[in-house]
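[1] Make a model of this:
(one chain, ligands or ions: 2)
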Amino acid sequence: MFDMDIGIDLGTANVLVYVKGMGVVINQPSVVAFEKDTKKLIAIGTKAKKMIGRVPDNIDVIRPLRQGVISDYAITEKMLKAFIKQAMSRKATFRRPKICICVPSGVTEVERRAVEDAAYSIGARSVLIMEEPVAAAIGANVDIIQPCGNMVVDIGGGTTDIAVISLGGLVVNRSLKVAGDDYNDAMIKFIRRKYNLLIGEPTAEEIKIQIGSVYLRPQDDYMIVKGRNLVNGLPDKIQITANETVEAFSEVTLQIINAILGVLEVCPPELAADISVRGIILSGGGSMIYGMEQLVEAKTGIQAVVVDQALEAVALGAGKSVEFMNRLKKDEK
Ligand SMILES: Nc1ncnc2c1ncn2[C@@H]1O[C@H](COP(=O)(O)OP(=O)(O)OP(=O)(O)O)[C@@H](O)[C@H]1O
Ligand SMILES: [Mg+2]
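    Ligands and ions are numbered 1, 2, ... in the order given. As a prediction, this is how the structure comes out:
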């Protein structure tokens, strides 16, 4: 009989499901389309994301987790169940799964328990709820069990989680409701102000991913952006350079940097000394914006490294944690 161990990153932007022995089997946007009256699911994930802005009145398309908190619990539960079911259908098993779920660190105790209940109601044998930065560190192969300080900055879609971890637990922790998605909003505002051009969120995200930067590039790059001219109301296009985006992003970037500096300030001195030697670990999609490493390094004086699989680290860490739980149990026997 196969053991079914599942690690889940229940993120504001994306939900990832890791299955032991198979890796990340689900990686989909946290978006749900449902009938307004009956709350019946119409679509989830990528299919639902494509429906944004294109549905009739009786259908709603929402992100049930916003800014790191569960804004619609009933829909979050339905989405979670649907993703777990999809993941389980990929592996023949007769046993109920063990599940580790990472939730945004801003969730309340009630929401935390609600997520736990949702996992049990889908048939989980045991459920472990974990903080995102701890999972990100485990996923990035950082040995967090030692009495040694590690700093993780997870810049997701809705939240930036900054944590100092030692002996497997959080020593100092700060969750900021400013992250990757705020860079999209900043880009929309910048282009409207500077070029009188209105662009949508998908375009703003595309600019961010393609040429967006938080640190000046030695060799500049550019991109043509299409939108609606706010003066004459007609379709129009402009050219934006990578180094212009540094300015567009500066306010959001400053908030993230200030939060990192704030955590370093209140960090116990022994652990701060460890961090200055071991460096700062960056994870989450927002950490992939060009120049994030250089910027954090320049502002803190501490080396910063973006983990290899920045978007998957939390799910990998959650998956590894379930395996670790199993091993602990075996050692006890
Ligand atoms: N290559 C990239 N460059 C820049 N930003 C990126 C890239 N890929 C994804 N992103 C951004 O990363 C964010 C999503 O990251 P991630 O999947 O880590 O968030 P999440 O875990 O769902 O959210 P949270 O942790 O806040 O709950 C989005 O804002 C997305 O636009
Ligand atoms: Mg995340």
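
[2] before we move on, what SS does the residue lying farthest from the centre of the chain have?
    The C-alpha centroid of the chain is most remote from Asn232, which lies 38.2 Å away (CA atoms, centre = their mean). Recorded secondary structure, Asn232: coil (DSSP: H, G, I helix; E, B strand; the rest coil).

[3] Now Lys237: closest residue in space that isn't a chain neighbour?
    Excluding its sequence neighbours, the residue lying closest to Lys237 (CB to CB, 6 or more residues apart in numbering) is Lys226, at 4.7 Å. To be clear about C-beta, it is placed using only N, CA and C from the backbone, and glycine gets the same treatment.

[4] Please name the residues that touch the residue of the stretch 51-200 of the chain found nearest ligand 2.
    Nearest residue of the stretch 51-200 of the chain to ligand 2, counting by CB to the ion: Gly156, 3.4 Å away. Counting by CB atoms under 8 Å, 6 or more residues apart in numbering, Gly156 touches Gly11, Thr12, Ala13, Gly68, Pro104, Glu132, Ala179, Gly180, Gly284, Gly285, Gly286.

[5] check contacts around the first one.
    Gly11 makes contact with Ser30, Leu65, Pro104, Glu132, Gly156, Gly157, Val314 under the criterion CB under 8 Å, 6+ apart.

[6] Let's see the pLDDT reported for the residue of the stretch 51-200 of the chain closest to ligand 2.
    On the pLDDT scale, Gly156 is placed at 94.

[7] likewise Asp331?
    50.

[8] what do you get for Ala179?
    pLDDT, read off for Ala179, is 96.

[9] Phi and psi next, for it.
    phi -160, psi -150 (degrees, to the nearest 10).

[10] returning to that earlier point: can you tell me which of the contacts of Gly11 are up against ligand 1?
    When CB under 6 Å from any ligand atom is applied, the members of the contacts of Gly11 adjacent to ligand 1 are Pro104, Glu132, Gly156, Gly157.

[11] Would you reformat these as JSON lines and include secondary structure?
    Formatted as JSON lines, those follow (three-state DSSP):
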{"residue": "Pro104", "secondary structure": "coil"}
{"residue": "Glu132", "secondary structure": "helix"}
{"residue": "Gly156", "secondary structure": "coil"}
{"residue": "Gly157", "secondary structure": "coil"}
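
[12] Quick check: the farthest pair among those?
    Greatest spatial distance among the ones next to ligand 1 among the contacts of Gly11 (CB to CB): Glu132 and Gly157, at 11.6 Å.

[13] Enumerate every residue touching the closest residue to ligand 1 within the stretch 201-333 of the chain.
    Residue nearest to ligand 1 within the stretch 201-333 of the chain: Gly285 (2.0 Å; CB to the nearest ligand atom). Residues counted as contacts of Gly285 (CB under 8 Å, 6+ apart) are Ala13, Asn14, Ile155, Gly156, Gly157, Gly180, Ala310, Leu311.
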